[in-house]
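Participant: structure here, sequence nowhere to be found:
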């Protein structure tokens, strides 16, 4: 599975949009982009995933560039409870594919 | 919200004891996983199972063992605990793939294990 690169940390103000970038320049055609987050002392939580079209659910939006080499997770109105480590993971569609968590990006939402 | 439970939530125990960490899910998921995570560090897959009587070792070598006798239950055992086993252990489950990418994994809140 392709490797991803994320900045180590970022912050944003409460109520503003948080835009979390991810680079996956070696992504191949059958690989999806997944986002999870891990709030301190809890297990990771699935957020969203996509292949090439932009995706939106009740938690976030995922914007994937046309060449699929990078993506952005958008939390439209960040709250203090969104402070967490966010993991961008590329995963193939193979039934035996397994998640590989990197270091992620630490998002700090400030009041 | 996913229903996956891990017990105990915290365990402090002496060296040499046999330990079993429990993980149960009520969603009928075929796939189950165990991850290990040290504080501030990355998660590493140590075991997984794609169904009853199926278990495989993950990317990180572990002295623990697992079993999958029932779909909903995936316990992890350490026969003789050592201080090097001190870590957080996270269990997850997912449905088998039905298209649109692999199904998301749902995680429990983990067991924090401390071996004295």
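Facilitator: In hand now; what should we look at? None of the values given here were measured: they were computed from a predicted structure.
Participant: alpha carbons only for contacts and neighbour counts from here, please
Facilitator: Noted.
Participant: do a quick rundown of the helices in chain A.
Facilitator: With DSSP state H, there are no helices along chain A.
Participant: residue ranges in it under the pLDDT threshold?
Facilitator: For chain A, the stretches flagged by pLDDT under 70 are A:1-2, A:95.
Participant: do you know how far residue B:51 is from residue B:21?
Facilitator: Using C-alpha to C-alpha, to the nearest Å, residue B:51 is found at 19 Å from residue B:21.
Participant: higher neighbour count, these two?
Facilitator: Neighbour count, other C-alpha atoms under 10 Å in any protein chain shown: between residue B:51 and residue B:21, residue B:21 has more, with 21 against 18.
Participant: now do the contacts for the more buried one.
Facilitator: For residue B:21, the contact set (C-alpha atoms under 8 Å, 6 or more residues apart in numbering or on different chains) comprises B:6-8, B:75-77, B:111.
Participant: if we use 10 Å, what do you get?
Facilitator: Residues counted as contacts of residue B:21 (C-alpha atoms under 10 Å, 6 or more residues apart in numbering or on different chains) are B:6-9, B:11, B:66, B:74-78, B:89-91, B:110-111, B:113.
Participant: okay, the residue lying closest to residue B:14 once chain neighbours are set aside: pLDDT?
Facilitator: Nearest residue to residue B:14 in three dimensions, chain neighbours excluded: residue B:116, at 4.8 Å (C-alpha to C-alpha, 6 or more residues apart in numbering or on different chains). Looking at residue B:116, its pLDDT reads 93.
Participant: show me which of the contacts of residue B:21 are buried.
Facilitator: B:6-7, B:9, B:66, B:74-78, B:89-91, B:110-111, B:113 (16 or more other C-alpha atoms under 10 Å in any protein chain shown).
Participant: tell me where the chain has strands.
Facilitator: I'll assume chain A. With DSSP state E, the ranges of strands along chain A come out as A:9-13, A:18-23, A:31-38, A:45-50, A:55-56, A:61-64, A:70-75, A:84-92, A:105-110.
Participant: meant chain B actually
Facilitator: B:4-7, B:10-13, B:19-25, B:31-37, B:43-51, B:54-57, B:65-66, B:76-78, B:87-94, B:106-107, B:111-115.
Participant: out of those, nearest to residue A:92?
Facilitator: strand B:87-94 (15.4 Å; C-alpha to C-alpha).
Participant: give me the distance from the closest one to the chain's centre.
Facilitator: 4 Å (C-alpha atoms, centre = their mean, to the nearest Å).
Participant: over to stretch B:52-59?
Facilitator: The chain centre lies 11 Å from the centre of stretch B:52-59; the measure is C-alpha atoms, centre = their mean.
Participant: who does residue A:48 bridge with?
Facilitator: On the basis of DSSP bridges, residue A:48 is bridged to residue A:35.
Participant: what number of residues lie near the closest residue to residue A:87 other than its chain neighbours?
Facilitator: Spatially, and ignoring its direct neighbours in sequence, residue A:87 is nearest to residue A:104 (4.3 Å; C-alpha to C-alpha, 6+ apart). Residue A:104 has 25 neighbours, counted by other C-alpha under 10 Å.
Participant: surely residue A:104 touches residue A:10?
Facilitator: No: the criterion here is C-alpha atoms under 10 Å, and residue A:104 misses it with residue A:10 at 11.0 Å.
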